[in-house]
Structures are given as C-alpha cells and as structure tokens.
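J.: only geometry, no sequence info:
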Ligand SMILES: CC(C)(COP(=O)(O)OP(=O)(O)OC[C@H]1O[C@@H](n2cnc3c(N)ncnc32)[C@H](O)[C@@H]1OP(=O)(O)O)[C@@H](O)C(=O)NCCC(=O)NCCS
C-alpha cells in the first residue's frame, strides 16, 4: 500500500514524482554524491558537497523558471528516494525538452529508469505540449543507450559535450508516432 504525505504531482506504477526542495540536500548527496552515478555524467571523479548543492539549486531554479526539472522520484510503497527523472528546456520556441534520468546505484537494474522515463515522456507530450524530446549519453554508457533505444528514441548525430569532453550520441523522440513501451 502507498505511503501518504509526499505531495506527488505525477505517478507511475511504482514511483511518485515531486519537486526538489531546498531541504533536500541529503537526498541530493545520496544521488549526485555517489561517483557511480556521476562518473559518466561529467569528468569529475567525485562531486563535492558544494557541487551537489549547486546542482540542487540549479534544479530548483529551472523548475521555478520553466516548470520542469529532473524531478526527484520515490517508491510509492515506502517513499524511499530512488533518484531523479525529468525534463529541462532544450529549444523552448520549438517546444523541445531534454530528457534525463539519474537512478541511485542501489536501485539500478530494477526498471526504474524505464518506468520513470515513460511517465516523464507522457507528461511532456500530454501536459506540456512538447513537440519532441532530445536526449544524449556518454558513449561508454551502455545502460543509457539501451534505455533510450527501448524508449523509442532515434539516434540523429554525435555532438561534443563539454562536461565530459567527449562526443555524445544524440537522440530525438518526436511526439507523432511515439511508442509507449512498458516498464521493466
Ligand atoms: C543509466 C541508468 C539511468 C539506468 O537505470 P536503471 O534503472 O538501472 O535502468 P533500467 O533497469 O530501467 O534498464 C534500462 C535498460 O538499461 C539496461 N541496463 C541497465 N543496467 C545496465 C548495465 N550495467 N549495462 C548494460 N545495460 C544495462 C537494462 O538491461 C535495460 O535495457 P533492456 O530493457 O534492453 O534490457 C542508471 O544506470 C543511472 O542512473 N546511471 C547514472 C546516471 C546516468 O548515467 N544517467 C543516464 C544519462 S542522463
């Protein structure tokens, strides 16, 4: 049975989404303070507590300005923090958002990235009127590549990504003809 009290604005079968709060630093440290989570996101070996706090602030600011962020996600059954999944503006005049998913390492391999991404994609197209979603991944990130292909994203090109200094495969998912894969 689900536990009450988190104020989720979006739910999937097992997960609830809410907005980041300034008091969430401990959750943020459990996610972005884990080098397993961040090692393919940028070239820093370990994010400092300050870097994590800045990332938390950046998510809150994006939410305030644009109404989207990489929202924190939780298990509905226990309210345990699982990670974050959501959107950020990519090309707002064209109504294109970037999709991102970061799952805490102890929750990997359980389908939470797939499930949360499906919910965020549906939210983008049905609630925000997105025309397309952009996503990219570190070329060494096989899990992320498999996730994007499974979600129906189409590889378009490779682009230089300054945080890693690498060429990242880039993908698009258009609103029309969007497949809706099941989680798991
Ligand atoms: C990439 C990440 C989001 C995957 O999360 P997850 O919850 O474990 O993913 P899922 O269980 O939903 O699985 C998604 C796909 O990835 C595959 N996968 C998961 N872990 C994998 C691994 N270590 N190696 C290869 N494939 C893997 C799964 O098999 C599945 O593909 P399939 O259905 O074709 O078999 C997670 O590892 C993570 O947060 N990494 C750190 C942050 C990051 O790199 N985010 C992506 C860039 S935004």
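T.: Arrived safely. Model, not experiment: these values are computed from the prediction.
J.: Okay, helices next: where are they in the chain?
T.: Secondary structure of the chain (DSSP state H): helices at 25-32, 35-38, 49-66, 112-126, 142-151.
J.: so what's residue 148 up against?
T.: Residue 148 makes contacts with 135, 137, 171, as judged by Cβ atoms under 8 Å, 6 or more residues apart in numbering. In this view, the C-beta of every residue, glycine as well, is placed from N, C-alpha and C.
J.: Export the residues you listed as CSV, with columns for neighbour count.
T.: Listed next are the contacts of residue 148 as CSV, based on neighbours: other Cβ atoms under 10 Å:
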residue, neighbour count
135, 23
137, 22
171, 22
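J.: The residues you listed also near the ligand: which ones?
T.: residue 137 (Cβ under 6 Å from any ligand atom).
J.: about what we covered before: let me have the helices of the chain in CSV, adding distance to residue 7 and mean pLDDT as columns.
T.: Listed next are these as CSV, based on distance: least, Cβ to Cβ, whole Å; pLDDT from 0 to 100:
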stretch, distance to residue 7, mean pLDDT
helix 25-32, 14, 98
helix 35-38, 25, 96
helix 49-66, 14, 98
helix 112-126, 16, 98
helix 142-151, 27, 97
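J.: that older thread, which of the contacts of residue 148 sits closest to the ligand?
T.: The nearest member of those to the ligand, counting by Cβ to the nearest ligand atom, is residue 137 at 5.3 Å.
J.: Show me what from the chain comes close to the ligand.
T.: For the chain, the residues in contact with the ligand (Cβ under 6 Å from any ligand atom) are 37, 40-41, 100-103, 108-114, 137, 141-144, 146-147, 150.
J.: repeat that for 8 Å
T.: Counting by Cβ under 8 Å from any ligand atom, the residues of the chain close to the ligand are 36-41, 83, 99-105, 107-115, 117, 135-138, 141-144, 146-147, 149-150, 183-184.
J.: Could you turn the buried ones of the residues you listed into a PyMOL selection?
T.: Burial among those is assessed by 16 or more other Cβ atoms under 10 Å; the matching PyMOL selection reads:
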select buried, resi 37+38+39+40+41+83+99+100+101+102+103+104+107+112+113+114+115+117+135+136+137+138+141+144+147+183
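J.: What strands flank the longest strand belonging to the chain, and is each parallel or antiparallel?
T.: Ranked by residue count and defined by DSSP state E, the top strand of the chain is strand 81-91. Sheet pairing of strand 81-91 (DSSP bridges) gives strand 70-75 (antiparallel), strand 96-103 (antiparallel).
J.: Those strands into CSV, with extra columns for mean pLDDT?
T.: Shown next, in CSV, are those (pLDDT from 0 to 100):
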stretch, mean pLDDT
strand 70-75, 98
strand 96-103, 98
